[in-house]
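1. need a structure here:
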Amino acid sequence: MAAIAEAAAAAGGGTAGSRETALVALTGIRLGLSFAGLGAATAVTSGRTAFLGWALGAIGCALFVVADPRRKLNAAWQSGSGRSRPRHPSLEKSPEEGSALPTETWWKHALRAMLPSTVGVAILCAIALPFSGVLAAICAGTLAGLAIGGVVAAFA
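-> Down below sits the predicted model:
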């Protein structure tokens with residue numbers, strides 16, 4: 001799933017503080033959009049049905065994100081036991097020159113991690129809302145599942 005790639009992208013480069021701040025911001029944005037979608041779906045359909053759709057989307061997406069086998073591949077690449085990733089020549093530096101990874105601010109990490117999954121699912125939720133409140137609630141739950149799965153994947 002895309003959340004694993006987003007967590008890996010948010011983890012690369014920058015300082016540890018900026019990565020943690022980006023993770024907190026990204027999780028807050030995803031949960032905020034999720035609860036906004038749940039509220040809108042509840043306004044369109046019954047509250048019980050919307051909540052069940054939201055819970056189904058949240059649990060399903062979180063399980064898919066956490067169980068994604070690409071997370072193990074990414075961990076193997078970062079530890080060096082897997083095949084090496086191609087590097088851009090500008091990133092090749094000697095050890096005495098310091099870190100070869102460019103630093104980024106926390107908001108750039110969060111913005112890069114939001115695209116395309118968080119923005120795409122939020123747009124799908126808005127498109128589904130006039131047609132089916134349950135489908136919009138499932139999309140809103142998917143955003144909550146991305147938030148939960150992203151946090152679990154970042155600390156696993």
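
2. quick check: which ranges of this protein have low pLDDT?
-> 1-16, 71, 74-102 (pLDDT under 70).

3. biggest helix in the protein by residues?
-> helix 16-44 (DSSP state H).

4. helix or strand next in line after that one, which one?
-> helix 47-66 (DSSP states H and E).

5. going by neighbour count, list what's buried in that following helix.
-> Ala50, Gly53, Trp54, Ala55, Leu56, Gly57, Ala58, Cys61, Ala62, Phe64, Val65, Val66 (16 or more other C-beta atoms under 10 Å). All C-beta spots, glycine's among them, are computed from the backbone N, C-alpha and C.

6. what's it packed up against?
-> The helices and strands touching helix 47-66, judged by 3 or more C-beta pairs under 8 Å, 6 or more residues apart in numbering; DSSP states H and E, are helix 16-44, helix 133-155.

7. nearest approach to Ala122 belongs to which of those?
-> helix 16-44 (5.0 Å; C-beta to C-beta).

8. thinking again about what came up before, determine which stretch of the helices and strands packed on helix 47-66 is the most buried.
-> Burial of the helices and strands packed on helix 47-66 is given as mean neighbour count (mean count of other C-beta atoms under 10 Å); helix 133-155 ranks first at a mean of 24.

9. skip the chain neighbours and tell me the closest residue to Gly149.
-> Excluding the flanking residues, the one nearest Gly149 by C-beta to C-beta, 6 or more residues apart in numbering is Val65, at 2.7 Å.

10. test my guess that the one you found contacts Gly145.
-> Yes: Val65 lies in contact with Gly145 (C-beta atoms under 8 Å); the separation is 6.6 Å.

11. look at Arg112 and say how many residues are nearby.
-> Per other C-beta atoms under 10 Å, the neighbour tally for Arg112 reads 15.

12. in what helix or strand does it lie?
-> helix 106-114.

13. list the buried residues in that helix.
-> Neighbour count says helix 106-114 has Trp106, His109, Ala110, Leu111, Ala113, Met114 buried, by 16+ other C-beta under 10 Å.

14. counting by contacts, list what it packs against.
-> Helix 106-114 packs on helix 2-11, helix 16-44, going by 3+ C-beta pairs under 8 Å, 6+ apart.
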